[in-house]
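> pasting the sequence and the predicted coordinates here, then a few questions.
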Amino acid sequence: MTCHIVVMRHTESNVASIGHFDNFSCWQFGDESSAHKEGLRDMMEEIEFLSKGDMEEGHIQVSVFGGYTDERGEAAKNSMALLSALHESDRLLEMVHFCVGPYNTCKDKEGKNTAILIGIAMDLRSQIIFPASFPWNNFEDFSTQLRDRVLRRTGQGKILDDDDKHKTKLSTFKPKALRNPKTYKNLEKLCL
């Protein structure tokens, strides 16, 4: 697991954003690629938009988790790309946690390095971040939710009464729409 999870939250509004950053952009475009910068910028813009008037009263806290000391050093490249992008931001940011590399590494049964934290979650009421793991490969849940979402948005077939119709406590695929119209319009341009 060389990917990283970034959690941002505004200290006054408590608006939070969680992002997943993997090494694809480092492998594909080099360490100086703008993919990390763009992803972090989108997270900050969403927080600013949803925080409305509270932005002047507080600041954004940042926590980064993931990556481990892997043989090829891919996680370190990802860590450095994220740190560089955060450092270059013109916004006031407070780094709260940076649990990567050797601080997120232990030995498995075969004596090979592996990640300690492979997932995190955040309690939105208390704002507490905690370790979490998710049962992946629940394809039935994922495909049902995607089908329902497409039917609802395109008007094909029956329109569902709400987005949460097929979500259960065991659902692992819970997408949330971006609320910032500017971000949505930028995404819309890319799709045209």
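That came through fine.
> check contacts around the residue nearest to Ser51 when sequence neighbours are not counted.
Setting aside the residues directly before and after it, Ser51 is nearest to Ser13 in space (Cβ to Cβ, 6 or more residues apart in numbering), at 3.8 Å. (Each C-beta comes from the backbone N, C-alpha and C, glycine too.) Contact partners of Ser13, counting by Cβ atoms under 8 Å, 6 or more residues apart in numbering, are 47, 50-52, 54-55, 58.
> try Ala85
Going by Cβ under 8 Å, 6+ apart, Ala85 touches 36-37, 40.
> and which of the contacts of Ser13 is nearest Asp70?
Asp70 has its nearest neighbour among the contacts of Ser13 in Ile47, at 30.6 Å by Cβ to Cβ.
> how near is His10 to Arg41?
His10 is 15 Å from Arg41, where distance means Cβ to Cβ, to the nearest Å.
> comparing these two, which residue is more hemmed in?
His10 (21 against 16; other Cβ atoms under 10 Å).
> per-residue pLDDT of the more buried one, please?
We have a pLDDT of 93 for His10.
> for the contacts of Ala85, which one is nearest Ala75?
For the contacts of Ala85, the residue nearest Ala75 by Cβ to Cβ is His36; the value is 13.6 Å.
> quick one: the strands in the protein?
For the chain, applying DSSP state E gives strands covering 4-10, 16-21, 60-66, 93-100, 105-107, 113-115, 120-122, 129-131.
> hmm, back to that, mind checking how far the residue nearest to Ser51 is from Glu46?
Counting by Cβ to Cβ - Ser13 and Glu46 are separated by 12 Å.
> do Met8 as well
Counting by Cβ to Cβ, the gap between Met8 and Glu46 amounts to 9 Å.
> who's more crowded, these two?
Neighbours of Met8 and Glu46, each counted by other Cβ under 10 Å, are more numerous for Met8; the result is 23 against 20.
> just to revisit the earlier point, need the contacts of Ala85 in TSV with pLDDT and neighbour count, can you?
Rendered in TSV, the data for the contacts of Ala85 read as follows (pLDDT from 0 to 100; neighbours: other Cβ atoms under 10 Å):
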residue	pLDDT	neighbour count
His36	85	25
Lys37	87	18
Leu40	92	23
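> now, which of those residues sits nearest Phe130?
Sorting those by distance to Phe130 puts Leu40 at the head of the list, at 22.4 Å, by Cβ to Cβ.
> which residues touch the closest one?
Residues near Leu40 by Cβ under 8 Å, 6+ apart: 6, 19, 82, 85-86, 89.
> just put those residues in CSV and tack on pLDDT and distance to Arg72.
Listed next are those as CSV, based on pLDDT from 0 to 100; distance: Cβ to Cβ, whole Å:
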residue, pLDDT, distance to Arg72
Val6, 95, 22
Gly19, 91, 23
Leu82, 90, 18
Ala85, 91, 21
Leu86, 93, 23
Ser89, 91, 28
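> before I go, just wanted to say thanks for your time.
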